[in-house]
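Enquirer: Pasting a predicted model and its sequence here:
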Amino acid sequence: MKADTRLALSEDIMLQAIPELDHYYAFNVANGDHFELNHTAYWALETIGQGVTLTELREQFGSQFDIDPGTADEDLTKVLGFGIENYIIKEVET
Amino acid sequence: MLKEKETSTDDLTAGEEFYFQWHITERCNRACKHCYQNGIPGTELALPDLLTIINRMEEAVRKWGKKGTLSMTGGEPYLRRDDLHALMDRIDRSDCLAYYDILTNGSLISESETLALARHSHLRRMQVSLEGASARTNDEIRGPGAFESTISAIRLLKDAGIAVSVMATISRFNKDEIPALIDLAGQEGVTTLALERLIPEGTGAGLSDQVLSPQELKTVYEGIYQIAVNGSPVRILLYRPLFALLAPGDPTVGALCSAGNNALTIMPDGTVYPCRRLPIPIGNVLRDGFFRIWYGSEVLWQLRNPANLGGKCKECDLITQCRGCRAMAYFTTGDYMAEDPQCWR
């Protein structure tokens, strides 16, 4: 994925959270797929839902969570891989 | 007399079950004073649309790994008898809708009808309603002749080997007759007895002065619980909010409200509510489908989060067993997350 790749949530994906219970979810409201997320993944998907490039997502991720750049990159790669594999996120033509 | 059917209609646990309360019509041949409906019939879906809804129920429960259960009711569902049987035939063939109950006033149950009912494999129980152990009490609420008609329906159904459940709505008007009603249900061979609280909504809003005070409800519930655990002649369903206050350690007593957790109500035009007693539209199953409603409704997400509860419900140490009745909160205070006004704690 290129640095200037713009990301978006797939159609029919809806995010929901109950922060008080530490419950975070992504749902596909068309086919009923449902995914339990951790807070980090939820934050990343919520940010992607606002329409960001990969570079912007990396920058915001680094400032949001107090972790070293290597770990941040690793975490983000996992979230993006999970999101693409499960059709939660998609690349947008720029 | 036939033996009661032993089919795949055993009760499921809350974790296994997703429950649909399905009102296929608002029309009714009675005009009960405490009804949660307002007596104004609206749009009814035709049979093909009703069958589409069953397909969507199946799609949803398969995805969620649950077994679907239904209550089909009205209004009076027997005012759409042919459609009702067509729906029953369809559900009888389902591999993921485990069973259904029919909630009826019983007035249109004949001997020939009980024979037609007995052939349905997924019919678990027929539910009728009684408000007391005497015609005087019952018919004051449900209209002249209702008591005799209901008792006749119970006997016909029992004779056909069909399990019968009785539901009663507790108010000041009938609270003292509940023990006698339990005895009557036992004498008639009723399988289960459900005791619901009067919610001042719909036509029943006219009986708001009959809603029990917290102390009155406590006294009634204590009496019911004592009968239930001391050889009741009928199985009394105690998994209702506030019963948990009586015996917090007893797993058969009390339950979280199912609204937002494992149940939905579908109205005759496909409108979906969290619960029939909490008539806040959260979508239409034909337009939106169950997934969009279940995952997207802000009302359901409000209900799911105990941090949103108000008053003493929010701080209650029984919050994992009882969050009160949201409908009672709604129709008493206007806020469905407010504390249950009938809680005696």
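Expert: That came through fine. Numbering: from 1, shown residues only, chains lettered A, B, ... in the order given.
Enquirer: Could you pull up the contacting residues of the closest residue to B:Gly254 other than its chain neighbours?
Expert: Distances taken as Cβ to Cβ, 6 or more residues apart in numbering or on different chains put B:Ala244 closest to B:Gly254, at 2.5 Å, once the chain neighbours are dropped. From N, CA and C alone the C-beta is placed, and that goes for glycine too. Residues in contact with B:Ala244 (Cβ atoms under 8 Å, 6 or more residues apart in numbering or on different chains) are B:253-255, B:318, B:321-322.
Enquirer: ok, now how distant is B:Ala244 from B:Ile40?
Expert: Remark: distance between B:Ala244 and B:Ile40 (Cβ to Cβ, to the nearest Å) = 36 Å.
Enquirer: so where do the strands sit in the chain?
Expert: Just so you know, I chose chain A. Ranges of strands within chain A are A:6-9, A:13-18, A:23-28, A:34-37, A:52-53, A:89-92, based on DSSP state E.
Enquirer: actually chain B
Expert: So, for chain B - with DSSP E - the strands run B:17-23, B:67-73, B:97-103, B:123-129, B:164-170, B:192-197, B:235-237, B:263-266, B:272-273.
Enquirer: Tabulate those (JSON lines), appending mean neighbour count and distance to A:Arg6.
Expert: Output for the strands of chain B, formatted as JSON lines (neighbours: other Cβ atoms under 10 Å in any protein chain shown; distance: least, Cβ to Cβ, whole Å):
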{"stretch": "strand B:17-23", "mean neighbour count": "22", "distance to A:Arg6": "38"}
{"stretch": "strand B:67-73", "mean neighbour count": "23", "distance to A:Arg6": "41"}
{"stretch": "strand B:97-103", "mean neighbour count": "23", "distance to A:Arg6": "44"}
{"stretch": "strand B:123-129", "mean neighbour count": "23", "distance to A:Arg6": "53"}
{"stretch": "strand B:164-170", "mean neighbour count": "22", "distance to A:Arg6": "57"}
{"stretch": "strand B:192-197", "mean neighbour count": "20", "distance to A:Arg6": "54"}
{"stretch": "strand B:235-237", "mean neighbour count": "17", "distance to A:Arg6": "55"}
{"stretch": "strand B:263-266", "mean neighbour count": "24", "distance to A:Arg6": "37"}
{"stretch": "strand B:272-273", "mean neighbour count": "22", "distance to A:Arg6": "36"}
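Enquirer: wait, which of those strands is closest to chain A?
Expert: strand B:17-23 (12.1 Å; Cβ to the nearest Cβ).
Enquirer: okay, the angle between that closest one and strand B:67-73?
Expert: 20 degrees (axes from the mean of the first three to the mean of the last three Cα atoms, to 10 degrees).
Enquirer: Let me know the angle separating strand B:17-23 from strand B:97-103.
Expert: Going by the same axes, to 10 degrees, strand B:17-23 makes 40 degrees with strand B:97-103.
Enquirer: Tell me if strand B:17-23 is near chain A.
Expert: No. For a cut-off given as Cβ under 8 Å from any Cβ of the partner chain, strand B:17-23 has no contacts with chain A; the smallest distance is 12.1 Å.
Enquirer: name the helices or strands packed onto that strand?
Expert: Judged by 3 or more Cβ pairs under 8 Å, 6 or more residues apart in numbering or on different chains; DSSP states H and E, the packing partners of strand B:17-23 are helix B:47-64, strand B:67-73, strand B:263-266.
Enquirer: what's the spacing between stretch B:220-233 and its chain's center?
Expert: Centroid displacement of stretch B:220-233 relative to its chain, using Cα atoms, centre = their mean, to the nearest Å, is 20 Å.
Enquirer: List of residues touching that stretch?
Expert: Against stretch B:220-233 from outside (Cβ under 8 Å, 6+ apart): B:170, B:175, B:178-179, B:182-183, B:185-187, B:195, B:212, B:236, B:238, B:242-243, B:245-247, B:253.
Enquirer: same thing with stretch B:52-72?
Expert: A:31-33, B:12, B:16-22, B:24, B:45, B:84, B:87-88, B:90-91, B:94, B:96-103, B:124, B:127, B:262, B:266, B:270, B:285-286, B:289-291, B:294.
Enquirer: tell me how far it is from the chain's mean position?
Expert: On Cα atoms, centre = their mean, the centre of stretch B:52-72 falls 18 Å from that of its chain.
Enquirer: How many neighbouring residues does the nearest residue to B:Arg326 once chain neighbours are set aside have?
Expert: Nearest non-adjacent residue to B:Arg326, counting by Cβ to Cβ, 6+ apart: B:Tyr336, 4.6 Å away. Neighbours of B:Tyr336 under the rule other Cβ atoms under 10 Å in any protein chain shown: 22.
Enquirer: circling back: out of the contacts of B:Ala244, grab the one that's most surrounded.
Expert: Most crowded among those, counting by other Cβ under 10 Å, is B:Cys322 at 24 neighbours.
Enquirer: Show me which positions of stretch B:284-304 end up buried.
Expert: B:285-286, B:288-297, B:299-301, B:303-304 (16 or more other Cβ atoms under 10 Å in any protein chain shown).
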